[in-house]
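K.L.:
Next input, structure requested:
(one chain, ligands or ions: 4)
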Amino acid sequence: MQLKELASLLPVSRIVGEGSIEITGVQMDSRKVKPGDLFICIAGAAFDGHHFAERVIGQGAAALVAERDLQAAVPTLIVKDTRYAMAVIAAHFYGYPSRELKVIGVTGTNGKTTTTYLLESILSDHGFRTGLMGNIHVKIGTQFHPNHATNTQEALELQRILREMVNAGTDYCLMEVSSHGLERGRVKGCGFRTGIFTNLTQDHLDYHKTMERYQAAKALLFSRMGNEYDADPDRRRFAVLNADDAASGDFADQTSAHVITYGIDDTSADVRAEDIEMTSGGTRFRCVTFRGTAEMQLRLVGRFNVYNALGAITAALAEGLPLDSIAESLSRVRSVEGRMEIVDAGQPFLVLVDYAHTPDGLENALSTISQFAEGNMICVFGCGGDRDRTKRPVMGRLAAEYSDYVIVTSDNPRTEEPEAIIRDIVPGLIEVGCEQGGYELIVDRRQAIEKAVAMAGPGDVVLIAGKGHETYQEIMGIKHDFDDRRVAEDAIRGR
Ligand SMILES: CC(=O)N[C@H]1[C@@H](OP(=O)(O)OP(=O)(O)OC[C@H]2O[C@@H](n3ccc(=O)[nH]c3=O)[C@H](O)[C@@H]2O)O[C@H](CO)[C@@H](O)[C@@H]1O[C@H](C)C(=O)N[C@@H](C)C(=O)N[C@H](CCC(=O)O)C(=O)O
Ligand SMILES: Nc1ncnc2c1ncn2[C@@H]1O[C@H](COP(=O)(O)OP(=O)(O)OP(=O)(O)O)[C@@H](O)[C@H]1O
Ligand SMILES: N[C@H](CCC[C@H](N)C(=O)O)C(=O)O
Ligand SMILES: [Mg+2]
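P.N.:
Ligands and ions are numbered 1, 2, ... in the order given. Coordinates of the predicted model:
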């Protein structure tokens, strides 16, 4: 592909040097550049890609995309915004893969992973070939790959994966779409057949600053639907919105897609759950839809999982699948990894590992458990470093309100002092009168889990929240092996 072909896609651009130079690859990270690559210079928070220009030319880069003339020894495409250019170039370079498969994007503060898994199970049970892009892993064909990003990939990686999915014969790609991914244009070059909205509650205020801006980022999934990256000839697109969440009205106003709503409280929703019953083995409810009614049986627990199921059911109905066979598929889905996952090493109390890392997630996990806990509830949790600080005391308060004993510990402190994060959490516990004897602070997560397991008695429940499926603890840029499930199992055996 020639550099000038890419220049023609961008509204404001000019080439310094020879536009007919051949490009054989595209990179945004100097450490990955190979001879023949086009290197896109991105000015970020930690680094400015423009400073790597000379280095990548030394590695054989054929050309650059930059926001200024770098007087480089290779042809340079100069654009106003390299991040925007990257999304356009990535889609073109990989041949617009989202035009060749149906991409279903799931956005929202909580429930994205769970909803994509439920929908993936339904679609594959109905004979479709599915691909997954989420924060547990990326599935292409029958292969599972680790997701090296925290969630939604940068545009180049995202388009490369979509192309691989097309090559593997994929019918549907189920993609978790984060607010960072939307705001930073990582999915700008992607057309969505369906967008599903789960909910909007507090998180990521470090990045978005206000809930209004956080909501505006989420809205991009719906307002951009029907773009040139989706070439579905019959133009069938769906916005599947949670009628019980106030943000949905805003998203409905901004989308050209056909809106279908789901909910529990709003009786005007197109797809509803009624007569919800928590059973020992899961959850049962009646699902009332525009295609009839069916009894649903989930192995997942909690009212929040009814919402996740409703989102998946609605999207599946939009694809024309029969309600009864959707119900059959859902009844077979076992728990999603790291979500309310039971650690069973024969102990006389329940140990659950859950990925709740937001106030709403934690409250949902705790309130669900409190419905069936017979004995005391012991909660072990921490808050991520370099992330929203304002959620810390709120999570502290919630943990104290629902639990009999709280152990505050570390959860990926990243570049922050673990003790400082814990200090931010404690005022929330104090606020609701949690006294010295009701909580303790144990910086080392392993010791915290061991303590919780040691103090649990028959009938008690230990909730280890925040890390779910994660297999590491990130401290000062280093990911140390750490898996709550394995640590809890060892602690139980060592009791
Ligand atoms: C806020 C954010 O999204 N930051 C991401 C972003 O950082 P940045 O734009 O500031 O870039 P930078 O690290 O300063 O680097 C600038 C440029 O120099 C390049 N570079 C850098 C170093 C080098 O040696 N050579 C080189 O070429 C980089 O590749 C990049 O092109 O681009 C980097 C490179 O891709 C990412 O690593 C980084 O994500 C960091 C790890 C991050 O923590 N992201 C989180 C906040 C995030 O995106 N989370 C959401 C999850 C939300 C949820 O699920 O709830 C997500 O979607 O993952
Ligand atoms: N619909 C929901 N509403 C509120 N809380 C939920 C919901 N679904 C799941 N949770 C809680 O949030 C946690 C994370 O769920 P899940 O992994 O499905 O969300 P996610 O949106 O993918 O999260 P992330 O942003 O980290 O990718 C769960 O472990 C559970 O405690
Ligand atoms: N996608 C979320 C995951 C948080 C998981 C939690 N264990 C933490 O590290 O804070 C984030 O990147 O903010
Ligand atoms: Mg997720």
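K.L.:
CA only for contacts and neighbour counts going forward, please
P.N.:
Will do.
K.L.:
Next to ligand 2 in this structure, residues from the stretch 251-400 of the chain, please.
P.N.:
Taking Cα under 6 Å from any ligand atom, the part of the stretch 251-400 of the chain that reaches ligand 2 is made up of 304-305, 307-308, 339, 354-356, 360-362, 364-365.
K.L.:
and the residue nearest to Ala273 when sequence neighbours are not counted, how many residues sit next to it?
P.N.:
The shortest distance from Ala273 to any non-neighbouring residue, by Cα to Cα, 6 or more residues apart in numbering, is to Cys287 (4.7 Å). Counted with other Cα atoms under 10 Å, the neighbours of Cys287 add up to 22.
K.L.:
need the contact list for whichever residue of the stretch 101-250 of the chain sits closest to ligand 4.
P.N.:
Of all residues in the stretch 101-250 of the chain, Thr113 sits closest to ligand 4, at 4.1 Å by Cα to the ion. For Thr113, the contact set (Cα atoms under 8 Å, 6 or more residues apart in numbering) comprises 134-136, 176.
K.L.:
quick one on the thing from earlier: does the residue nearest to Ala273 belong to a helix, a strand or coil?
P.N.:
Three-state call for Cys287 (DSSP: H, G, I helix; E, B strand; the rest coil): strand.
K.L.:
about what we covered before: what is the most widely separated pair among the contacts of Thr113?
P.N.:
Ile136 and Glu176 (10.3 Å; Cα to Cα).
K.L.:
neighbour count winner among those two?
P.N.:
Using other Cα under 10 Å, the more surrounded residue of Ile136 and Glu176 is Glu176, with 26 against 21.
K.L.:
ok, which of the contacts of Thr113 also contact ligand 4?
P.N.:
Asn135 (Cα under 5 Å from the ion).
K.L.:
From the contacts of Thr113, which land in helices?
P.N.:
Among those, none falls in helices (DSSP state H).
K.L.:
just the contacts of Thr113 now: which is nearest ligand 3?
P.N.:
Checking the contacts of Thr113 against ligand 3 by Cα to the nearest ligand atom gives Asn135 as the nearest, at 7.4 Å.
K.L.:
Would you mind stating the distance between the closest one and Gly384?
P.N.:
16 Å (Cα to Cα, to the nearest Å).
K.L.:
Show me which residues of the protein are close to ligand 3?
P.N.:
Residues of the chain found near ligand 3 (Cα under 6 Å from any ligand atom) are 150-151, 357, 383-384, 411-412, 466-467.
K.L.:
and these, which are buried?
P.N.:
Those of the residues of the chain next to ligand 3 that meet the buried threshold are 151, 357, 383-384, 411-412, 466-467, by 16 or more other Cα atoms under 10 Å.
K.L.:
any idea which of those is closest to ligand 1?
P.N.:
Asn151 (3.5 Å).
K.L.:
How about that closest one, nearest residue that isn't a chain neighbour?
P.N.:
Asn135 (4.7 Å).
K.L.:
wait, doesn't that neighbour sit right on His145?
P.N.:
No. Asn135 is beyond contact range of His145, at 10.7 Å (criterion: Cα atoms under 8 Å).
K.L.:
Return the set of buried residues in stretch 200-209.
P.N.:
So for stretch 200-209, counting by 16+ other Cα under 10 Å, buried means 200-205, 208.
K.L.:
Export these as TSV, with columns for distance to Gly169, pLDDT and secondary structure.
P.N.:
Listed next are those as TSV, based on distance: Cα to Cα, whole Å; pLDDT from 0 to 100; DSSP: H, G, I helix; E, B strand; the rest coil:
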residue	distance to Gly169	pLDDT	secondary structure
Leu200	34	94	coil
Thr201	36	88	coil
Gln202	38	83	coil
Asp203	36	86	coil
His204	36	87	coil
Leu205	39	87	helix
His208	37	88	helix
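K.L.:
Quick check: the residue of the stretch 101-250 of the chain closest to ligand 4 is in a helix.
P.N.:
Yes. Counting by three-state DSSP, Thr113 is located in a helix.
K.L.:
Next one, pLDDT for it please.
P.N.:
pLDDT for Thr113: 95.
K.L.:
quick check, distance from the lowest-mean-pLDDT helix or strand in the chain to the centre of its chain.
P.N.:
When the helices and strands of the chain are scored by mean pLDDT, DSSP states H and E, helix 205-208 comes last with a mean of 87. Remark: helix 205-208 is offset 16 Å from the chain centroid, using Cα atoms, centre = their mean, to the nearest Å.
K.L.:
shift numbering so it begins at 725
P.N.:
Let's use 725 as the start, then, which means that last one is helix 929-932.
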